[in-house]
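Undergrad: here is the input, now give the coordinates:
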Amino acid sequence: MRPLARLPHWTSLLALSLAVVGNLQSQNRKTEISETTEDRIEVSPWWPTKDVADAAQLVGNTECAKCHTDKAAAQATTPMAHAGARAAHAEILRSYEKLTGELSPYRYEIARSATGSAYSVADGAQKVSAQLEWAFGIAHKGQTYIYSRDGAYYESRVSFYTTLHSLALTTGHLSDSPSSIDAALGRRMDSRETQHCFGCHTSGSTIGGRFDPSHATPGVTCEQCHGPGAKHVAAMKAGKIEEGRRAILNPQK
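TA: This next block holds a predicted model:
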């Protein structure tokens, strides 16, 4: 019966050990959660915003689908694949002839026409407009719009929200009334933020250190996470299987 008498002692040690492990895991989780996007980009060997040295290294989803048919088909249905779209092809903007919203004293409107979607804000006395260029977000919950002015990109102050079926304040923007009607239209993004935004919502926007969204592929493609596929494809076609596997990145590992 003596071993049984010691059971509570070992049970306590086990409970204490589990508590310590649980605490360490909790601390690790907190550390992961507190890590900034900027830090993750710097330390990670892969990230959607990582630069590609040469456009020739990219083969495109069509080439990937030749061997990975099921995976490529499944990827095309994911929110990541539809994370970004040119405004002219954005389903939400094509579905609504006009979207409106009001953040006193400003009234917002996105109106669709043959030339695209015009985004405007008015205060009763003045009105400023911009042609929308990109739509970021699949609109499962919402969609935010990007336009450019004087060589810089801006994020629209209002976004489309699916539950509202209208425009409302973009997440992250201050609810305080802007000091000018130009400021009410949207927020200017600096070059680094712009590159990161396009890096996560489109593919191939930065090639050889040069940011050029005019050649970006809308949404996140296979190579945006697995890395450029040209060397992988060439090795696999040549029957160099192991070399081919090493030439492509598996983020899981």
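Undergrad: show the contacting residues for the closest residue to residue 141 other than its chain neighbours.
TA: Computed as Cβ to Cβ, 6 or more residues apart in numbering, the closest residue to residue 141 that is not its neighbour in sequence is residue 162, at 5.9 Å. C-beta coordinates here come from the backbone N, C-alpha and C atoms, glycine included. By Cβ atoms under 8 Å, 6 or more residues apart in numbering, residue 162 lies in contact with 139-142.
Undergrad: ok, residue 162 to residue 239 distance?
TA: Going from residue 162 to residue 239 by Cβ to Cβ, to the nearest Å gives 49 Å.
Undergrad: what's around the nearest residue to residue 135 once chain neighbours are set aside, how many residues?
TA: Leaving aside its sequence neighbours, residue 135 sits nearest to residue 90 (Cβ to Cβ, 6+ apart; 3.7 Å). Neighbour count for residue 90, taken as other Cβ atoms under 10 Å: 25.
Undergrad: enumerate every residue touching residue 58.
TA: 52, 204, 223, 228-230.
Undergrad: adding pLDDT, write the residues you listed out as a markdown table.
TA: Listed next are the contacts of residue 58 as a markdown table, based on pLDDT from 0 to 100:
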| residue | pLDDT |
| --- | --- |
| 52 | 80 |
| 204 | 89 |
| 223 | 90 |
| 228 | 91 |
| 229 | 93 |
| 230 | 95 |
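Undergrad: what mean pLDDT does the helix or strand in which residue 196 is found have?
TA: Element membership for residue 196, per DSSP states H and E: helix 191-201. For helix 191-201, mean pLDDT is 91.
Undergrad: remind me which residues of the chain are low pLDDT?
TA: Within the chain, the stretches with pLDDT under 70 are 1-37, 41, 45-50.
Undergrad: try it again with 50
TA: The model of the chain has pLDDT under 50 over residues 1-32.
Undergrad: one step back: buried subset of the contacts of residue 58, written for PyMOL?
TA: To isolate the buried members of these in PyMOL, using 16 or more other Cβ atoms under 10 Å:
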select buried, resi 52+204+223+228+229
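Undergrad: tell me the one of the contacts of residue 58 nearest residue 75?
TA: residue 223 (11.0 Å; Cβ to Cβ).
Undergrad: using the three-state scheme, assign the closest one.
TA: Put simply, residue 223 is helix when judged by DSSP: H, G, I helix; E, B strand; the rest coil.
Undergrad: run a quick check on it versus residue 59, I expect a contact.
TA: Yes - under the criterion of Cβ atoms under 8 Å, residue 223 makes contact with residue 59 at 7.2 Å.
Undergrad: shared neighbours, the two?
TA: Common neighbours of residue 223 and residue 59 (Cβ under 8 Å, 6+ apart) are residue 229.
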